[in-house]
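In: I'll drop the sequence and a predicted model, then ask my questions.
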Amino acid sequence: MFKIPFCFFLVSSQLLFSETLFHPSKGISGNVDGTGPDAYFHTEGVLKIPKEYQYGYSWYSNVLPIFRTAVSRVQIGLASTWITPNLAEISQEDIHTLARSCNNPEIENYIRNYGKDLWVQFQSMEGSLGYWLHTKFPTAMPKYKLDAWKNFYSYSVSSPGFNVSTPTDTPIPLSKSILGPVYLSNRILIPPDGLTFPESTSGKFLGFLWLPTPMARQWCEADEHTWILFLNTKNFQGPLIYHADRFWADYPGPENLKQKLGLQVRPAVVRSFASEWNNIPYITHTQANEVWSKIPSISFPVDSDGRTVLLRDPCAYSKRMGQEILNKLLNGNNLKTVDAAKCSTNIALTASSSKYFQAGKQLELFKGFNLVTFDNQTAFGFQWDDKKEGIQELPSYFKEEGDARRPVQESEVPKELVESKFRSGGDTNFKFETPAWWFEDAEVDSKEYTADLTDKTTVTYRWVRFKDQPAVKALKLSEEQRDKLQKAVEKIHKSCAAGSDFMAPPTKGELAEFDPGLLVNPPEGKEVGWVPLIVRQEIVAR
């Protein structure tokens with residue numbers, strides 16, 4: 001924590017201490033001692049999905065700008081989920097053996113804290129709309145980050161070519177030998193700081209669809225899962241990236257456990273759908289033995305029914321869904337003919353209530369609203385008591401009273417706390433830059449292109465033949481296999497150019513739009529089989 005100002009006052013012959021402190025984290029915690037878990041607004045019971053429908057998931061998340069201005073050192077994931085291999089039938093002894101084979105210094109704590117549910121920590125496809133500690137160019141609008149973790153959270157990847165975070169909270173390029181997500185789309189950029197949105201898309205929905213497909217059959221005889229991420233918005237629909245089967249198969253452990261436990265072979269489950277509040281700074285002011293605290297101002301748009309919907313329309317899919325969609329992409333067929341109803345089942349949501357804490361005191365955060373489900377358990381979010389359409393704010397100021405910190409009005413707190421500020425700016429001198437070897441021994445467009453984004457950054461990118469991108473090279477395929485994969489992707493690009501109506505629109509609400517600066521068109525002669533790789537992202541004078 002950091003001291004802002006402090007002073008002493010002599011009142012009635014007593015020395016009274018006054019101090020204002022900045023705390024970089026745990027403004028809202030899910031545990032009384034502040035050590036974890038994080039604070040969640042979440043559903044429960046999702047793990048009960050029938051096994052035949054554990055081969056893909058879709059949902060719509062609300063693009064919610066919950067801050068008035070950008071706030072640094074915040075990590076709040078808007079509603080999403082964690083997709084993990086179903087290892088519930090694997091013995092606890094084998095899971096512990098596997099865990100201790102991974103390079104995670106905290107693994108004994110994992111084993112102790114998660115007990116029989118340790119298996120859900122093995123691998124995870126995640127990421128969401130939100131605000132991130134490692135964001136270098138924060139905005140009031142959320143960004144979309146796609147993350148994947150494996151080996152019990154000892155290894156991470158994010159946007160193509162970058163990891164999620166480091167001890168310095170700065171994503172860095174992956175090394176040559178490290179597998180990462182494979183860039184599949186040729187129509188949208190994936191900046192390392194996250195995909196951006198215009199302010200006009202506030203309160204609209206971004207669609208996600210994760211499907212395991214038999215993509216590996218295009219270049220070898222393997223029958224393992226290649227997980228493809230499809231997105232659905234008003235101005236972009238289609239596949240974005242995929243995680244190769246070998247990405248999930250690459251983990252340490254005894255030979256008898258290898259090749260049979262990862263997302264490349266197992267059905268997958270989701271733990272819950274949730275908004276994860278990982279890191280929120282706060283400020284305290286102590287005066288005359290009284291303690292007040294302050295968190296950043298957080299607000300939510302509210303619809304005409306007095307609701308803030310965080311997520312809606314979750315579905316689970318059978319293996320047939322991924323097979324059919326990939327088959328139609330490879331054969332140029334209309335994706336509208338995929339009968340999703342025969343391949344899917346709806347997921348009924350149940351809201352879960354939680355308690356929240358700050359500095360060991362219960363934080364009375366729920367004032368005037370509750371976490372509930374809507375529309376026959378197909379959506380969840382906040383129901384506000386006054387049912388007033390517009391903007392509703394969470395309490396920002398609290399006063400410590402016994403074992404609790406209770407909401408108070410701004411007029412009731414000392415002016416030193418009111419006048420204290422949270423850091424709002426990013427690092428204007430920072431630059432994401434990819435290593436030169438990304439473009440070595442590759443067929444690359446000699447020209448550099450630029451795009452200006454709503455976070456005030458400029459992205460520089462180059463077009464690279466799909467098979468020459470670093471993530472494909474790291475698969476260590478033969479030249480013949482890479483050529484087969486290249487031809488398959490060219491077919492997918494042709495199908496996507498003709499339209500990709502693969503996901504039903506949200507049952508209520510409108511589709512969101514990506515920042516138009518992210519959308520690209522391949523140059524002449526490179527319309528299929530080429531992808532745009534980021535060279536750098538930075539703030540430059542416009």
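Out: Happy to help now that I have it. Remember, it's a predicted structure, so these values are computed and weren't measured experimentally.
In: what ranges do the strands span in the stretch 201-350 of the chain?
Out: 205-213, 226-232, 237-243, 268-279, 282-287, 290-294, 299-302, 307-317, 344-346, 350-352 (DSSP state E, counting those that start in this stretch).
In: same question but for the stretch 51-200 of the chain, I mixed them up
Out: Taking DSSP E, counting those that start in this stretch as the criterion, the stretch 51-200 of the chain carries its strands at 57-62, 75-85, 123-131, 143-150, 155-157, 182-183.
In: Tabulate these (TSV), appending mean pLDDT, distance to L330 and mean neighbour count.
Out: (C-beta placed from N, C-alpha, C; glycine too.) Below are these laid out as TSV (pLDDT from 0 to 100; distance: least, C-beta to C-beta, whole Å; neighbours: other C-beta atoms under 10 Å):
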stretch	mean pLDDT	distance to L330	mean neighbour count
strand 57-62	96	21	26
strand 75-85	94	24	24
strand 123-131	93	23	25
strand 143-150	92	23	23
strand 155-157	85	26	21
strand 182-183	95	16	25
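In: Would you mind giving those as CSV with distance to A474 added?
Out: Converted to CSV, the strands of the stretch 51-200 of the chain look like this (distance: least, C-beta to C-beta, whole Å):
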stretch, distance to A474
strand 57-62, 26
strand 75-85, 21
strand 123-131, 18
strand 143-150, 14
strand 155-157, 11
strand 182-183, 9
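In: do you know which of the ones you listed lies nearest L519?
Out: In terms of C-beta to C-beta, the element of these nearest to L519 is strand 143-150, at 14.1 Å.
In: What helices and strands are in contact with the closest one?
Out: Judged by 3 or more C-beta pairs under 8 Å, 6 or more residues apart in numbering; DSSP states H and E, the packing partners of strand 143-150 are strand 123-131, strand 155-157, strand 237-243, helix 245-249.
In: Would you reformat those as a markdown table and include distance to A359?
Out: Below are the helices and strands packed on strand 143-150 laid out as a markdown table (distance: least, C-beta to C-beta, whole Å):
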| stretch | distance to A359 |
| --- | --- |
| strand 123-131 | 22 |
| strand 155-157 | 30 |
| strand 237-243 | 40 |
| helix 245-249 | 40 |
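In: what bits of the chain have low per-residue confidence?
Out: By pLDDT under 70, the weakly predicted segments of the chain are 1-17, 34-38, 45, 47, 165-169, 221, 333-339, 498-500.
In: F374 and F382 touch, don't they?
Out: No. Contact criterion C-beta atoms under 8 Å: F374 and F382 do not qualify, at 10.0 Å.
In: So which of the two has more stuff around it?
Out: Taking other C-beta atoms under 10 Å, F374 and F382 do not tie; F382 has more neighbours (21 against 18).
In: Surely the more buried one is in contact with T373?
Out: No. Here F382 does not reach T373: they are 11.2 Å apart, not a contact under C-beta under 8 Å.
In: Next, work out how far apart H134 and V74 are.
Out: 11 Å (C-beta to C-beta, to the nearest Å).
In: These two: which is more packed in?
Out: Comparing H134 with V74 by other C-beta under 10 Å, the one with more neighbours is V74, at 26 against 19.
In: Contact partners for that one?
Out: F67, Y131, L133, P138, N279, I280, P281, P296 (C-beta atoms under 8 Å, 6 or more residues apart in numbering).
In: Emit the PyMOL select command for whichever of these are buried.
Out: This is the PyMOL syntax for the buried subset of the contacts of V74, where burial follows 16 or more other C-beta atoms under 10 Å:
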select buried, resi 67+131+138+279+280+281+296
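In: and which of the contacts of V74 is nearest S185?
Out: S185 lies nearest to Y131 out of the contacts of V74, by C-beta to C-beta, at 24.2 Å.
In: from memory the closest one sits against S72, does it?
Out: No. Here Y131 lies out of contact with S72, judged by C-beta under 8 Å, at a distance of 9.4 Å.
In: Now do the shared contacts for those two.
Out: With C-beta under 8 Å, 6+ apart, Y131 and S72 have common neighbours P138.
In: Right, I'll call it a day here.
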